[in-house]
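# Predicted coordinates and the sequence they were generated for:
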Amino acid sequence: MSERITAEINLMENKAYIVKDGALITLDSPPSGYGQQTIHWESEKVTRIVHGHIQKV
């Protein structure tokens with residue numbers, strides 16, 4: 001039987017999270033407030049996060 005680990009997050013904050021190897025990782029929003037984040041998976045694990053930033057003019 002696997003060990004169960006729990007974490008507490010604030011549901012009033014607009015955030016995205018990744019759980020990797022039992023650790024909760026918070027993804028930062030783009031500094032401009034606009035953009036995208038792409039998550040890459042390999043063998044059912046997150047390996048990379050690509051951040052794309054957009055500058056609104």
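Structure received.

# just the strands in the chain please.
Remark: strands assigned in the chain by DSSP state E are 16-20, 23-27, 35-42, 45-53.

# can you list those strands in CSV and add mean pLDDT?
Shown next, in CSV, are the strands of the chain (pLDDT from 0 to 100):
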stretch, mean pLDDT
strand 16-20, 90
strand 23-27, 91
strand 35-42, 91
strand 45-53, 88
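
# Mean neighbour count and distance to residue 6 added to those, as JSON lines?
No exception for glycine: its C-beta is placed from N, CA and C like everyone else's. Output for the strands of the chain, formatted as JSON lines (neighbours: other Cβ atoms under 10 Å; distance: least, Cβ to Cβ, whole Å):
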{"stretch": "strand 16-20", "mean neighbour count": "11", "distance to residue 6": "11"}
{"stretch": "strand 23-27", "mean neighbour count": "11", "distance to residue 6": "10"}
{"stretch": "strand 35-42", "mean neighbour count": "11", "distance to residue 6": "23"}
{"stretch": "strand 45-53", "mean neighbour count": "11", "distance to residue 6": "20"}
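
# quick one: which of these is nearest residue 8?
Closest of these to residue 8 is strand 23-27, at 9.4 Å (criterion: Cβ to Cβ).

# just the angle between the closest one and strand 16-20, please?
150 degrees (axes from the mean of the first three to the mean of the last three Cα atoms, to 10 degrees).

# which other helices and strands contact strand 23-27?
strand 16-20 (3 or more Cβ pairs under 8 Å, 6 or more residues apart in numbering; DSSP states H and E).
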